[in-house]
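Visitor: just coords:
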Ligand SMILES: O=P(O)(O)OC[C@H]1O[C@H](OP(=O)(O)OP(=O)(O)O)[C@H](O)[C@@H]1O
Ligand SMILES: Nc1nc2[nH]cnc2c(=O)[nH]1
Ligand SMILES: [Mg+2]
């Protein structure tokens with residue numbers, strides 16, 4: 001799907017904070033964690049919020065990249081992994097889309113609990129816990145991807 005065909009879902013810092021806290025509430029009811037594994041880069045800010053809420057100070061990273069700037073998934077590029085099978089660890093990412101990243105990480109760390117803030121339908125079966133579902137044709141813009149800018153009034157946009 002091209003960028004222009006996608007719906008846009010911009011997320012503010014406040015909304016991200018609120019939804020990450022909702023995820024923390026869900027996770028605290030599930031169990032105790034040895035620590036958090038954040039999937040870079042998108043999982044870093046959600047992991048920081050959840051670590052604060054769950055009083056977790058041990059945080060590791062799996063560093064990977066797959067999407068290009070035009071929103072197309074490319075080769076999964078693993079820059080740094082972690083040892084072990086993930087037993088007792090909580091994996092945090094910002095979202096699952098196709099589920100490819102989650103599948104890759106789950107194969108590396110099969111015993112970890114995988115949680116995201118957002119999930120699209122294709123990735124949903126690969127997440128243990130998430131908060132908000134968005135449609136597959138939606139692109140989520142995180143606060144670090146965007147900044148406020150002027151937009152034309154609706155009436156003016158309709159005329160042009
Ligand atoms: O379910 P998938 O189709 O695999 O997509 C989800 C992944 O895509 C994004 O990461 P990306 O690789 O773009 O890098 P980033 O975290 O640095 O933004 C997002 O943060 C997830 O990790
Ligand atoms: N920011 C962002 N990254 C993604 N990676 C895969 N899907 C998405 C998305 O909807 N938004
Ligand atoms: Mg990512």
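Guide: It's in. These numbers were taken from a predicted model, which means no experiment stands behind them. Ligands and ions are numbered 1, 2, ... in the order given.

Visitor: which parts of this protein sit against ligand 2?
Guide: Contact residues (C-beta under 6 Å from any ligand atom) of the chain with ligand 2: 67, 95, 97, 139, 140, 142, 145. In this view, the C-beta of every residue, glycine as well, is placed from N, C-alpha and C.

Visitor: write the PyMOL selection for whichever of those are buried.
Guide: PyMOL command restricting the residues of the chain next to ligand 2 to the buried ones, with burial defined by 16 or more other C-beta atoms under 10 Å:
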select buried, resi 95+97+139+140+142
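
Visitor: from the residues of the chain next to ligand 2, which are also near ligand 1?
Guide: 67, 95, 97.

Visitor: what's the closest of these to residue 123?
Guide: residue 97 (5.5 Å; C-beta to C-beta).

Visitor: OK, contacts around the closest residue to ligand 1 within the chain?
Guide: Of all residues in the chain, residue 42 sits closest to ligand 1, at 2.7 Å by C-beta to the nearest ligand atom. By C-beta atoms under 8 Å, 6 or more residues apart in numbering, the contact set of residue 42 is 93, 94, 95, 142.

Visitor: among those residues, which are in strands?
Guide: Judged by DSSP state E, the subset of the contacts of residue 42 located in strands is 93, 94, 95.

Visitor: so can I have a markdown table of these showing pLDDT?
Guide: Output for the ones in strands among the contacts of residue 42, formatted as a markdown table (pLDDT from 0 to 100):
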| residue | pLDDT |
| --- | --- |
| 93 | 98 |
| 94 | 98 |
| 95 | 98 |
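
Visitor: now residue 71: closest residue in space, sequence neighbours ignored.
Guide: residue 3 (5.2 Å; C-beta to C-beta, 6 or more residues apart in numbering).

Visitor: neighbours of that neighbour, how many?
Guide: 11 (other C-beta atoms under 10 Å).

Visitor: tell me the centre residue of this structure?
Guide: residue 94 (1.2 Å; C-alpha atoms, centre = their mean).

Visitor: and the two most separated of the residues of the chain next to ligand 2?
Guide: Within those, 97 and 145 form the most distant pair, 14.3 Å apart (C-beta to C-beta).

Visitor: residue 86 touches residue 128, doesn't it?
Guide: No - between residue 86 and residue 128 there is no contact under C-beta atoms under 8 Å: 11.3 Å.

Visitor: that'll do, ta.
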